[in-house]
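**Q** Please find the sequence and the predicted model below.
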Amino acid sequence: MELLEAARDVRARAYAPYSKFKVGAAVRSTTGAVYVGCNVENVAYPEGTCAEAGAIAAMIAAGDSAIAEVAVIADSPAPVPPCGGCRQKLAEFAQGDVKVVMATTAGKVLETTVADLLPGAFGADHMAGTAK
């Protein structure tokens, strides 16, 4: 799978000197372009960035705005799902039926959808009428 390979490749460049937990992510936009991101840690842990957020930021910076597919890979015993914040970010830019492939570097794979990752997602439509 091309998308998973893109996530695997970028994972090698992750900056995780503290946790040693490197993660790579790739998103395919609805235009077919592939964007990648890796986690970047900071000594002040909450100030780091997730791989998924990096891939989404690259997509937005390139002018794309919608995700068609997601892949995430980490060196862990089981496939690692995106964190809660990244689940919300994915829900912002992807339809609920968009496939999310989570994998380990050892080859274990789990597939789900954005809706299954975040069944109670909220979005801009919930904010209607609040702007002044």
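**A** Structure received.
**Q** Surely residue 97 touches residue 112?
**A** No: contact criterion Cβ atoms under 8 Å: residue 97 and residue 112 do not qualify, at 10.8 Å. From N, CA and C alone the C-beta is placed, and that goes for glycine too.
**Q** who's more crowded, these two?
**A** residue 112 (15 against 9; other Cβ atoms under 10 Å).
**Q** got a list of what that one touches?
**A** 81, 99-100, 102 (Cβ atoms under 8 Å, 6 or more residues apart in numbering).
**Q** For stretch 96-107, buried residues please.
**A** By neighbour count with 16 or more other Cβ atoms under 10 Å, stretch 96-107 contains the buried residues 98, 100-104.
**Q** For residue 46, what are phi and psi?
**A** The phi/psi pair for residue 46 (degrees, to the nearest 10) reads phi -70, psi -10.
**Q** cool, residue 92 as well?
**A** Phi and psi for residue 92, reported as degrees, to the nearest 10, are phi -70, psi -30.
**Q** And residue 22, by the same measure?
**A** Per degrees, to the nearest 10, the backbone of residue 22 is at phi -90, psi 130.
**Q** For the most centrally placed residue in the chain, which non-adjacent residue is closest in space?
**A** With distances taken as Cα atoms, centre = their mean, the residue of the chain nearest its centroid is residue 52 (2.5 Å). Nearest non-adjacent residue to residue 52, counting by Cβ to Cβ, 6 or more residues apart in numbering: residue 86, 4.0 Å away.
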